[in-house]
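Peer 1: Just to be clear, the model below is a prediction. Sequence and coordinates:
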Amino acid sequence: MCGIVGMVGQGPVNQEIYDALLLLQHRGQDSTGIATAEPNGIFHQFKAKGQVREAFRTRDMRALLGTIGLGHVRYATKGTASSEEEAQPFYVNAPYGIVLVHNGNLTNTRELSEELFRTDRRHLNTSSDTELLVNVLANELQSAISGPELDPAQVFQAVERVHQRVEGSYASIALIAGYGLLAFRDPFGIRPLILGTRKDGDGKYEWIVASESLVLENAGFEVVRDVEPGEAVFIDLAGNLHTRQCVANPQLVPCSFEYVYLARPDSEMNGISVYEARLRMGDRLADTIAKYTPKGSIDVVMPIPDSSRPAAMQVARKLGLEYREGFYKNRYVGRTFIMPGQAVRKKSVRQKLNAMSSEFKGKNVLLIDDSIVRGTTSKEIIQMARDAGAASVTFASAAPPVRFPHVYGINMPSRHELVAHGRTIPEIAEELGADYLVYQEVEDLKAAILDGSPDVEDLDMSCFDGRYITGTVSEEYLAWVEGSQES
């Protein structure tokens with residue numbers, strides 16, 4: 001998962017892009033980068049490993065000149081997490097010069113790599129699918145150019161060809177030197193992308209596109225709308241907005257895991273409030289908990305901070321139980337889910353959370369988490385509750401069992417890493433060390449999210465139900481992904 005932002009301003013945009021990346025830091029902590037462009041087409045770029053605050057220095061920011069720019073925060077789902085070469089943005093020098101950032105995962109990288117080398121005669125220097133995407137875009141833009149000047153129609157023609165060649169999930173933002181900013185979203189809208197605008201002091205329009213609405217609101221932009229599935233948005237250097245639908249049959253099927261875990265609760269995506277969706281998850285989870293746990297087996301409800309808090313509050317309210325905060329979170333440790341390696345995740349849990357014994361001692365506790373993926377974090381948390389004196393520990397997940405790999409931009413590539421794969425719920429409970437274990441039902445999660453919008457009719461829930469919405473994910477592909485992760 002990654003966070004992206006692009007901006008077309010009337011003045012320097014470097015500071016506002018930096019501020020936006022701080023707000024998107026929860027979406028990736030491996031590396032970060034910013035690229036800006038001056039009206040004469042000169043690009044300026046800086047990228048580095050680590051989080052935003054530790055990556056950029058004053059001298060780096062001063063060098064990022066220009067009134068148009070983009071930024072990225074990354075956690076690795078393709079390529080190498082520790083490689084600075086695979087940090088985004090990626091750049092190609094022809095045609096014109098293109099800088100691109102990407103959130104998602106391409107699922108036909110093998111075929112594209114071969115096509116780019118054999119047919120398009122383009123060289124790739126990393127295993128990043130973002131480098132693939134920028135080269136495909138550059139090749140199609142080169143083919144679309146029919147005169148001395150680039151116009152929006154040619155840009156949209158290139159994006160149409162990109163959609164025909166590329167499979168998977170992708171929300172992308174690109175700068176085209178001397179011309180403007182391009183943003184486009186995959187035909188299923190799996191990954192989010194939101195458009196906003198504001199007027200400067202002279203009444204001139206400025207534009208922004210970003211992964212989450214909170215970025216727009218924080219910077220004083222008005223949310224215009226989500227970029228539609230398959231749509232391309234082009235903003236020229238004068239601030240004029242051009243849009244076109246670039247696929248024949250787009251279908252909005254956003255990723256359910258955005259609402260479960262990835263997005264901040266104060267964001268809205270596809271017209272659905274993340275916070276309100278998580279409240280509804282809690283309401284539905286409460287009914288399932290009541291169904292599968294013995295009456296009187298729970299004294300108190302506690303969230304695993306932070307993303308499970310809305311669901312936990314609703315569970316406590318609906319079941320008529322006391323709500324307490326039993327874990328204190330150290331906010332200077334990163335999100336354990338997006339840390340590479342099981343050993344690192346396990347160690348970081350106790351650095352990240354501390355159980356307050358006064359809240360646990362002698363109590364039958366119900367712990368609510370947003371999801372259970374590999375089980376490493378959950379197992380450690382359950383043991384922490386026991387060590388703090390809990391009489392019994394019931395563990396509940398606001399999401400269903402994660403039984404299948406997620407191939408659309410979340411780091412869940414291998415089935416053998418998923419604690420729910422090949423296990424029954426009682427077997428998972430035993431593995432985690434819980435007295436009782438309750439999962440959200442698949443249909444309840446879907447309803448909890450979809451109830452927030454009349455416009456979204458389906459969700460990508462492939463990690464829960466094994467249904468890959470793009471229709472291009474085969475068993476052979478899943479085996480190849482698992483093998484490449486293990487090699």
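Peer 2: Sure, I can see it. Residues are numbered from 1 along each chain as shown.

Peer 1: May I see the buried residues of stretch 155-174?
Peer 2: 155-163, 165-174 (16 or more other CB atoms under 10 Å). Placement of C-beta: from N, CA and C, glycine included.

Peer 1: cool, and stretch 204-222?
Peer 2: 205-219, 221.

Peer 1: What is the nearest of the residues you listed to Tyr179?
Peer 2: Within the buried residues of stretch 204-222, proximity to Tyr179 (CB to CB) peaks at Trp207, which comes in at 14.3 Å.

Peer 1: Just the pLDDT at the closest residue to the closest one other than its chain neighbours, thanks.
Peer 2: What sits nearest to Trp207 in space, not counting adjacent residues and going by CB to CB, 6 or more residues apart in numbering, is Val8, at 4.5 Å. Note for Val8: predicted pLDDT of 98.

Peer 1: count of neighbours near Val8?
Peer 2: For Val8, the count of nearby residues is 26 (other CB atoms under 10 Å).

Peer 1: and what of Phe327?
Peer 2: Using other CB under 10 Å, Phe327 has 21 neighbouring residues.

Peer 1: show me what contacts it?
Peer 2: 302-305, 353-356, 381, 384 (CB atoms under 8 Å, 6 or more residues apart in numbering).

Peer 1: Recalculate using a threshold of 6 Å.
Peer 2: For Phe327, the contact set (CB atoms under 6 Å, 6 or more residues apart in numbering) comprises 305, 353, 355.

Peer 1: Kindly report the same for Val456.
Peer 2: By CB under 6 Å, 6+ apart, the neighbours of Val456 are 252, 270, 450.

Peer 1: ok, now Phe464?
Peer 2: Going by CB under 6 Å, 6+ apart, the list of residues near Phe464 reads 400, 442.

Peer 1: Mind checking what secondary structure it has?
Peer 2: Classification of Phe464 using DSSP: H, G, I helix; E, B strand; the rest coil returns helix.

Peer 1: what's the spacing between it and His163?
Peer 2: For Phe464, the distance to His163 (CB to CB, to the nearest Å) stands at 27 Å.

Peer 1: again with Ala35
Peer 2: Distance from Ala35 to His163, by CB to CB: 24 Å.

Peer 1: swap in Pro12?
Peer 2: Note on Pro12: its distance to His163, by CB to CB, is 33 Å.

Peer 1: cool, Arg374 as well?
Peer 2: Distance of Arg374 to His163, computed by CB to CB: 34 Å.

Peer 1: How about Met313?
Peer 2: As judged by CB to CB, Met313 and His163 stand 41 Å apart.

Peer 1: Ok, Ile34 next?
Peer 2: Taking CB to CB, one finds Ile34 at 27 Å from His163.

Peer 1: Name the spans of this protein whose pLDDT lies under the cut-off.
Peer 2: Confidence mapping of the chain against pLDDT under 70 gives the ranges 77-83, 331-348, 413, 485-487.

Peer 1: what's the longest helix in it?
Peer 2: For the chain, the helix that runs over the most residues, judged by DSSP state H, is helix 274-292.

Peer 1: What residues sit buried inside that one?
Peer 2: By neighbour count with 16+ other CB under 10 Å, helix 274-292 contains the buried residues 274-286, 288-289.

Peer 1: Also stretch 115-135?
Peer 2: By 16+ other CB under 10 Å, the buried positions in stretch 115-135 come out as 115-116, 120, 122, 126-135.
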